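Asker: Sequence plus predicted model, see below.
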Amino acid sequence: MNIGVTLARRLGLFAVSLVGATLVIFLIVQTLPGDVAQATLGLNATPEAVAALREKYGLDRPAVVRYLAWMAGLVHGDLGVSYISGQSVFSQIRPCLAVTTWLVVLSMPLALLCSIPIGLVAALWRRRWQGAIASGLSQTGMAVPVFFTGIVLVVLFAVESHVLPANGYVPLTGSRGDAGRWFSHLLLPVATLVIAQSSLLARYVRSGFIDVLTEDYLRTARAAGWTKWGALIRHGTRNAAVSVVTVVGLQIGAMLVGAIIVEQVFQLPGLGSLLLRSVGARDLPVVQGITVLLVLAVLLLSLLVDAAYLLIDPRLRRGQS
Amino acid sequence: MRRAPLVAGLVIAAGLVLAALVSLVWTPYDPFLVNGADRLLRPSLAHWLGTDRMGIDLVSRLMVGARTTLMVGVLAVLGAAVVGVPLGIAAGMRRGVLSDVILRASDILFALPALLLAILLVAAKGASVATATTAIGIATIPVFVRMAHGATLSVMALDYIDAARVAGISAPAIALRHVVPNIGPILGVQASASFSTAILAEAGLSYLGLAASAATPTWGRMMRDAQDDLFLTPWPALVPGLAIALAVLGFNLLGDGLRDYLDPRLKELR
């Protein structure tokens, strides 16, 4: 099997997953008991008003028709219209996109950067105190809820010492002052996400390197005269990278979820905040739109991760796993 | 020393269960009684962990909160196992279209994080502990499908399964008599790990206001409510956070400890 076929199959899987996910999202939101129009207008609404709203948003059509209409819109990049504001869902999402994107884009590489040394120490000295401390750190970091980490950081850096702002966001514009304030408002949220994610990643880096350390080829390299570190860097890094890349792929969803919670802790006006506000207001088109967008991001990124796989591991390129 | 994680995990889990059970009959103070005179007290002999913004004793509130934590965890994990394990076994025993459909559907569900699922459910049905439990349960199903599927595949490769087949024993009987007992321990370990994930998810949902209403004490909700008072005193926000972390750590240790206990060879690879 050549690389083209492998990629084509992966793309097919991506398409099936995306359609499946939209189906799940639609089913949960639209066909559960409870009338959307009634819920939007409240219990005191007259039956006529409810009927009018149902007709306005096409809720009187059968579920299959509504799903297909929604899908047709999605294909054209049209996420629908908000029940509450009457504006297009995308126009509501757009100002929030930058906040969440910055959060994730700044956190993910930093989390990787922190997790590799911790995981490596935990793997190399796994029977000694250095390894125990590294493992303990990652175990503890995994157990602590991300909003707790955020609150502790706020207590330390905003409440006790007033070094950084406790919450809020300043958009990045051309002016230098804004850039500084943008940075200071993102510092604690990013640190919170990095702590949570790197603890988890470190655990996988550790087991990735332990797998490598017990491989025959590493012993062979040592026998051929390579030093421990030389062998590890020459042969180990690439092999351990495969398992780390897998985890990064699996972690993308968790990362976005973490971002939603972190936005809430620091009151950042991102996708997560909009999502939660829309849930509170039962603005279902916005909820559906943001969820689809997040799932699309998860699936796209894991597609990229799988492509990265093929580049890292030549064995997969030949179709032998 | 080798069993330290198992023991530590058991102690923490037992402590959690005990606190929840005792809270049914006794708490140091009334966990619901608003007392304006005792607002935001620091920890003292009278109130070991202090009081919250409504003057409610934090120890009492934590004990009652443990009930929700445990209930959501048990129901979500049990529900996910009851649905996911038979599907995983079926996919492992009968390869073909059925197995493909089960595994593909499970993968799709896996791509939807628990929190998103919960948000969707809450958007449709409103926030409640039941909604949160359902969401966490559904999100946990794929974990059990995968685990049961993988374990079943390795059991099915064993000789005595072939022998049973040749002897004319039906597939459901083989599943019950040979597969389930064999994969049970692995699933137990998974249940413990999933339990800590469920605790974390419930805390997150409560913190976001997507689970219990303010009237039901949950650890996540306590943190949400206390966050407004951070500049007055961080204590009421930090205490429930530590409780969540301790509970999650406990069930993680329990899971790891169980795995080492059941299969010492795996210890190196963890």
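Answerer: The structure has been received and is ready for your questions.
Asker: how about A:Leu120, what does it touch?
Answerer: A:Val205, A:Arg206, A:Phe209 (C-beta atoms under 8 Å, 6 or more residues apart in numbering or on different chains). From N, CA and C alone the C-beta is placed, and that goes for glycine too.
Asker: which one of the residues you listed has the most neighbours?
Answerer: A:Val205 (27 neighbours; other C-beta atoms under 10 Å in any protein chain shown).
Asker: so where does A:Ser17 fall, helix or strand?
Answerer: Per DSSP states H and E: A:Ser17 is located in helix A:3-31.
Asker: avg pLDDT for that helix?
Answerer: Average pLDDT, helix A:3-31: 84.
Asker: same question, stretch A:241-257
Answerer: On average, stretch A:241-257 scores 77.
Asker: one step back: elements contacting the helix holding A:Ser17?
Answerer: helix A:63-75, helix A:284-312, helix A:314-317, helix B:97-111, helix B:114-125 (3 or more C-beta pairs under 8 Å, 6 or more residues apart in numbering or on different chains; DSSP states H and E).
Asker: To what extent is A:Ala15 buried, counted in neighbours?
Answerer: For A:Ala15, the neighbour count with other C-beta under 10 Å is 10.
Asker: now do A:Leu268
Answerer: A:Leu268 has 23 neighbouring residues, counting by other C-beta under 10 Å.
Asker: Equivalent analysis for B:Ala215, please.
Answerer: For B:Ala215, the tally of surrounding residues (other C-beta under 10 Å) stands at 7.
Asker: Show me what from the stretch 1-150 of chain A comes close to chain B.
Answerer: A:16-17, A:20-21, A:24-25, A:28-30, A:32-34, A:139-140, A:142-148 (C-beta under 8 Å from any C-beta of the partner chain).
Asker: run the last query once more with 6 Å
Answerer: Residues of the stretch 1-150 of chain A found near chain B (C-beta under 6 Å from any C-beta of the partner chain) are A:Ser17, A:Gly20, A:Ala21, A:Ile28, A:Val29, A:Leu32, A:Ala143, A:Val144, A:Pro145, A:Phe147, A:Phe148.
Asker: For the second one, which residues are in contact?
Answerer: Think A:Gly20. Counting by C-beta atoms under 6 Å, 6 or more residues apart in numbering or on different chains, A:Gly20 touches B:Ile108.
Asker: follow-up on the earlier one: using neighbour counts, pick out the buried residues of the helix holding A:Ser17.
Answerer: Neighbour-count burial for helix A:3-31 flags A:6, A:13-14, A:17-18, A:20-22, A:24-26, A:28-30 (criterion: 16 or more other C-beta atoms under 10 Å in any protein chain shown).
Asker: deepest of the helices and strands packed on helix A:3-31, which one?
Answerer: Ranked by mean neighbour count under mean count of other C-beta atoms under 10 Å in any protein chain shown, the helices and strands packed on helix A:3-31 are led by helix B:114-125, which reaches a mean of 25.
Asker: now what about that one, what contacts it?
Answerer: With C-beta under 6 Å, 6+ apart, helix B:114-125 has contacts from A:28-29, A:32, A:257, A:279, A:287, A:291, B:131-132, B:135-136, B:138-139, B:201, B:205, B:210.
Asker: Just flag the most distant two among those residues.
Answerer: The most widely separated members of the contacts of helix B:114-125, counting by C-beta to C-beta, are A:Leu32 and A:Val257 (21.8 Å).
Asker: So between the two, which is more surrounded?
Answerer: A direct count of neighbours by other C-beta under 10 Å for A:Leu32 and A:Val257 places A:Val257 higher, at 22 against 13.
Asker: Doesn't B:Leu45 lie inside a strand?
Answerer: No - counting by DSSP: H, G, I helix; E, B strand; the rest coil, B:Leu45 is not part of a strand but coil.
Asker: and the gap between it and B:Thr51?
Answerer: Using C-beta to C-beta, to the nearest Å, we find B:Leu45 at a distance of 13 Å from B:Thr51.
Asker: out of those two, which sits in the more crowded spot?
Answerer: B:Thr51 (27 against 5).
Asker: Give me the spatial nearest neighbour of that one, chain neighbours excluded.
Answerer: Excluding the flanking residues, the one nearest B:Thr51 by C-beta to C-beta, 6 or more residues apart in numbering or on different chains is B:Leu41, at 4.4 Å.
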